[in-house]
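> got a predicted structure plus its sequence, pasted below:
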Amino acid sequence: GVNAGTAAPTMVIRTGQAFIEVEKVDPAILKIRQLAAQVGGYITNSSVSGGKDQMRQATLEIKIPSPKYDEAVGSLSTIGKVETVNSQAQDVGEEFVDLTARVTNARRLEERLLSLLANRTGKLDEVLRVERELARVREEIERYEGRLRYLGARVAMSTLTITVHEPQHPASTSSARSMPS
């Protein structure tokens, strides 16, 4: 078995947000798509807002293989003027170890209940009680394993949300100024 003394595996869920000022939003979106592809990631969500009179901006959420996260953050300056970058790291190693232990225990209980059923000598109501308990244990195992899969996926892929916006221009545009009065 595993030593009680062994340290939890390093399992970190990383998420980041970046805000970048760009000359034009559309070419910046292309650059973000290229950056995502370059680090083996993909875009999961994107939205563009603003139009004629408002400042145009776009937000793209990228999933990046965790080992490439720092490289992706380092490449943000190729998109435009990076204003802020925030990264959070949430360590789920202990939860992972805890859940794995719970699955192991629940599986042991499941085996015990199965052998009770196989060698059943009890009355029908006892058999039904064991079957009910078995159903409950299996539901528990599924819940733990679902959570383990979810954590594993979140650890494997980091999430970086990039918002790009065009410069805030004063209301009077240059073309209006150059018009003859």
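Arrived safely, thanks for sending.
> mind listing the helices for this structure?
25-38, 69-74, 93-118, 124-156, 174-178 (DSSP state H).
> any chance of the ones you listed in a markdown table, plus mean neighbour count, distance to G16 and mean pLDDT?
Every residue, glycine included, has its C-beta placed from N, CA and C. Below are the helices of the chain laid out as a markdown table (neighbours: other Cβ atoms under 10 Å; distance: least, Cβ to Cβ, whole Å; pLDDT from 0 to 100):
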| stretch | mean neighbour count | distance to G16 | mean pLDDT |
| --- | --- | --- | --- |
| helix 25-38 | 17 | 13 | 96 |
| helix 69-74 | 17 | 6 | 96 |
| helix 93-118 | 14 | 20 | 95 |
| helix 124-156 | 14 | 14 | 94 |
| helix 174-178 | 7 | 35 | 50 |
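> any chance of these in TSV, with distance to G50 too?
As requested, the helices of the chain are arranged in TSV below (distance: least, Cβ to Cβ, whole Å):
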stretch	distance to G50
helix 25-38	8
helix 69-74	25
helix 93-118	40
helix 124-156	31
helix 174-178	19
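> closest to Q168 out of those?
For Q168, the closest of the helices of the chain is helix 25-38, at 13.1 Å, according to Cβ to Cβ.
> correct me if wrong: K24 contacts V164.
No: with contact defined as Cβ atoms under 8 Å, K24 does not count as touching V164 (9.3 Å).
> got the contact list for the residue nearest the centre of the chain?
Taking Cα atoms, centre = their mean, the centroid of the chain lies closest to R154, which sits 4.5 Å from it. Residues in contact with R154 (Cβ atoms under 8 Å, 6 or more residues apart in numbering) are I13, V92.
> going forward, count from 36.
Will do, 36 is the new start, and the previous item becomes R189.
> now what about stretch 160-178, what contacts it?
Residues outside stretch 160-178 that contact it (Cβ under 8 Å, 6+ apart): R137, V138, A141, R142, L144, E145, L148, L149, L151, L152, R155, G157.
> a markdown table for these, including distance to I48?
Formatted as a markdown table, these follow (distance: Cβ to Cβ, whole Å):
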| residue | distance to I48 |
| --- | --- |
| R137 | 20 |
| V138 | 20 |
| A141 | 24 |
| R142 | 26 |
| L144 | 30 |
| E145 | 30 |
| L148 | 35 |
| L149 | 36 |
| L151 | 40 |
| L152 | 40 |
| R155 | 45 |
| G157 | 46 |
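> closest to G75 out of those residues?
V138 (30.3 Å).
> ok, that closest one - contacts?
I176, Y179, E180, L183.
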